[in-house]
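Asks: Coordinates only, no sequence provided:
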């Protein structure tokens, strides 16, 4: 059995000590308090999986504490313990949100059984949450058996780093598979049974990113109609991927730095510090060193995140991996679209291997998904793939004996394939959008 975060609330010192010693001997992390005020204070500082609550806490009623604890952590399992057991109090405890009820005096076996049940439920809840996150965002089965030495080096380093608690920085062009590798690192780590969450820094408006990351309390801002625990709390015990970390607003960087250093943070609208045990993986396709020089990224945050860097090579630098990768993607997309294919023709594989894939694995996957939907043949030929692959063998490259016009066309195609928008592509090329439109018309892009 894995570890749970346990809160004990009982005004009897001997009960607190006995429970704490027994639970800690099983590897659980325990906080024991004697009253309602301290219980709420601890619950506001860190996330718990399980709480043992005595019904009589001096002059306070333990039943009144249950809804308050659940408000701070809806996933919390509350076990009521009492020397004044009755059917009425048991029913009332369940009505207020308790999951179990144990009369005093209890035996170690009773506690052990109750804790095991909670652990099984929490494990299932976390697995369901991970599956729900994946719904509608299916991805091919993870396979890192590539032949390319650079990719083999990256995977070997990822496997070695996975078992540590070090923060990782994944670097690579857009579409190289940073998210897939981050999932793999989580699955190889000791946190595999705990949640894996993703926060995409550029896709969430900067004014909402703090709430998404750290959470907020009800009424913290317009539209905050209920408490939101945030992705850090949801990832407690597990892994959080901060995708495209270079887009994290400068105003949030000190708060993330504090969390990395002290494991403490505050929800929006709540001054009380909270704690969480989360392993961070950051991913970026940007040059963070340039961002530091330009004042867009804190140098101290960079060094905190960059404990171990894993560089993922672009697809054009590992052409030997393309045939096997293409066949795996074809099997995946064929299955999703209820199709069946015998594979690719030699001509199609040759063209895919020769093409530079500016959008990397994502572009390859999109091309094969399109072909899996539209292709009518059992053996997928070059005619089923996007038209720009047909000339891949003669694609212009810098240094070839070709005109500047050919080089320009190839460069514009690659930038357009990798850019998120025409505005981003024109900025990268150093031309305005009207000029880019004319170039696209000229080259038929």
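Replies: Done, it's in. All values derive from a computational prediction rather than experimental measurement.

Asks: The host helix or strand of residue 121: how far from the chain's middle?
Replies: Element membership for residue 121 (DSSP states H and E) is helix 108-134. Its chain's C-alpha centre lies 21 Å from the corresponding centre of helix 108-134 when counted by CA atoms, centre = their mean, to the nearest Å.

Asks: And that helix, what does it pack against?
Replies: For helix 108-134, the packing partners by 3 or more CB pairs under 8 Å, 6 or more residues apart in numbering; DSSP states H and E come out as helix 13-25, strand 50-54, strand 77-82, strand 100-103, strand 196-200. C-beta here means a position set from N, CA and C on the backbone, and glycine is covered the same way.

Asks: Specify the angle between it and helix 13-25 in degrees.
Replies: For helix 108-134 against helix 13-25, the angle by axes from the mean of the first three to the mean of the last three CA atoms, to 10 degrees is 60 degrees.

Asks: in helix 108-134, what's buried?
Replies: 111, 114-115, 118-119, 122-123, 126, 130 (16 or more other CB atoms under 10 Å).

Asks: burial count for the residue lying closest to residue 364 once chain neighbours are set aside?
Replies: Spatial nearest neighbour of residue 364, excluding adjacent residues (CB to CB, 6 or more residues apart in numbering): residue 357 at 5.8 Å. Residues near residue 357, counting by other CB atoms under 10 Å, number 25.

Asks: quick one on the thing from earlier: report the inter-axis angle for the helix holding residue 121 versus strand 77-82.
Replies: Using the same axes, to 10 degrees: helix 108-134 against strand 77-82 is 160 degrees.

Asks: What's the mean pLDDT across helix 108-134?
Replies: Across helix 108-134, pLDDT averages out at 80.

Asks: Quick check: what element follows it along the chain?
Replies: helix 149-162.

Asks: so how far is that next one from its chain's centroid?
Replies: 19 Å.

Asks: Run through who's touching the next helix-or-strand element following it.
Replies: Counting by DSSP H and E, the next helix or strand C-terminal to helix 149-162 is strand 168-171. The contact list for strand 168-171, computed with CB atoms under 8 Å, 6 or more residues apart in numbering, reads 158, 161, 178, 181-182, 185, 245, 280-285, 305-312.

Asks: Can you tell me which of these are buried?
Replies: Applying 16+ other CB under 10 Å to those flags 158, 161, 178, 181-182, 185, 245, 280-285, 305, 308, 310, 312 as buried.

Asks: got the contact list for the residue lying closest to residue 157 once chain neighbours are set aside?
Replies: Counting by CB to CB, 6+ apart, residue 157 lies nearest to residue 310, which is 5.4 Å off, once chain neighbours are set aside. By CB under 8 Å, 6+ apart, residue 310 lies in contact with 154, 157-158, 161, 168-171, 181.

Asks: swap in residue 276?
Replies: Here residue 276 is in contact with 46-47, 232-233, 235-236, 259, 263, 265 (CB under 8 Å, 6+ apart).

Asks: ok, 10 Å please
Replies: Neighbour list for residue 276: 5, 45-47, 214, 229-238, 240, 259, 263-265 [criterion: CB atoms under 10 Å, 6 or more residues apart in numbering].

Asks: Need phi/psi at it.
Replies: In terms of degrees, to the nearest 10, the main-chain angles of residue 276 are phi -160, psi 150.

Asks: nearest spatial neighbour of it, skipping sequence neighbours?
Replies: In space, residue 276 is closest to residue 236, 4.6 Å off (CB to CB, 6+ apart).

Asks: ok, now residue 296?
Replies: residue 250 (6.6 Å).

Asks: part of a helix, is that neighbour?
Replies: No: counting by DSSP: H, G, I helix; E, B strand; the rest coil, residue 250 falls outside a helix, being coil.

Asks: burial measure for it, as a count.
Replies: The burial count for residue 250: 13, using other CB under 10 Å.

Asks: I'd assumed residue 298 was in contact with it.
Replies: Yes: the pair residue 250 and residue 298 qualifies as a contact (CB atoms under 10 Å) at a distance of 7.5 Å.

Asks: Now the common contact residues for those two.
Replies: residue 291.

Asks: can you pull out the helices in the stretch 301-445 of the chain?
Replies: 322-336, 346-354, 360-374, 404-418, 422-429, 433-443 (DSSP state H, counting those that start in this stretch).

Asks: which strands and helices sit next to the second one?
Replies: Taking 3 or more CB pairs under 10 Å, 6 or more residues apart in numbering; DSSP states H and E as contact, the helices and strands that helix 346-354 lies on are helix 322-336, strand 343-344, helix 360-374, strand 379-380.

Asks: And the contacts of the second one?
Replies: Okay, so that is strand 343-344. For strand 343-344, using CB under 10 Å, 6+ apart, the contacting residues are 323, 326-327, 330-331, 349-352, 368, 371, 378-382, 384-385.

Asks: count of residues packed around residue 209?
Replies: Neighbours around residue 209, by other CB under 10 Å: 20.

Asks: can you check residue 21 too?
Replies: 10.

Asks: Kindly report the same for residue 233.
Replies: 23.

Asks: So it sits against residue 215, correct?
Replies: Yes: here residue 233 reaches residue 215: they are 5.8 Å apart, a contact under CB under 10 Å.

Asks: shared neighbours of these two, anything?
Replies: 265, 267, 274.

Asks: could you show me where the strands are in the stretch 151-300 of the chain, in order?
Replies: Listed in chain order, the strands of the stretch 151-300 of the chain (DSSP state E, counting those that start in this stretch) span 168-171, 196-200, 239-243, 264-265, 274-275, 279-284.

Asks: Output the ones you listed as CSV; include the columns distance to residue 31.
Replies: Shown next, in CSV, are the strands of the stretch 151-300 of the chain (distance: least, CB to CB, whole Å):
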stretch, distance to residue 31
strand 168-171, 29
strand 196-200, 24
strand 239-243, 23
strand 264-265, 15
strand 274-275, 10
strand 279-284, 21
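
Asks: Turn those into a markdown table, including distance to residue 341 and mean pLDDT.
Replies: What follows is the strands of the stretch 151-300 of the chain, written out as a markdown table (distance: least, CB to CB, whole Å; pLDDT from 0 to 100):
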| stretch | distance to residue 341 | mean pLDDT |
| --- | --- | --- |
| strand 168-171 | 32 | 96 |
| strand 196-200 | 31 | 91 |
| strand 239-243 | 32 | 95 |
| strand 264-265 | 49 | 90 |
| strand 274-275 | 51 | 88 |
| strand 279-284 | 32 | 95 |
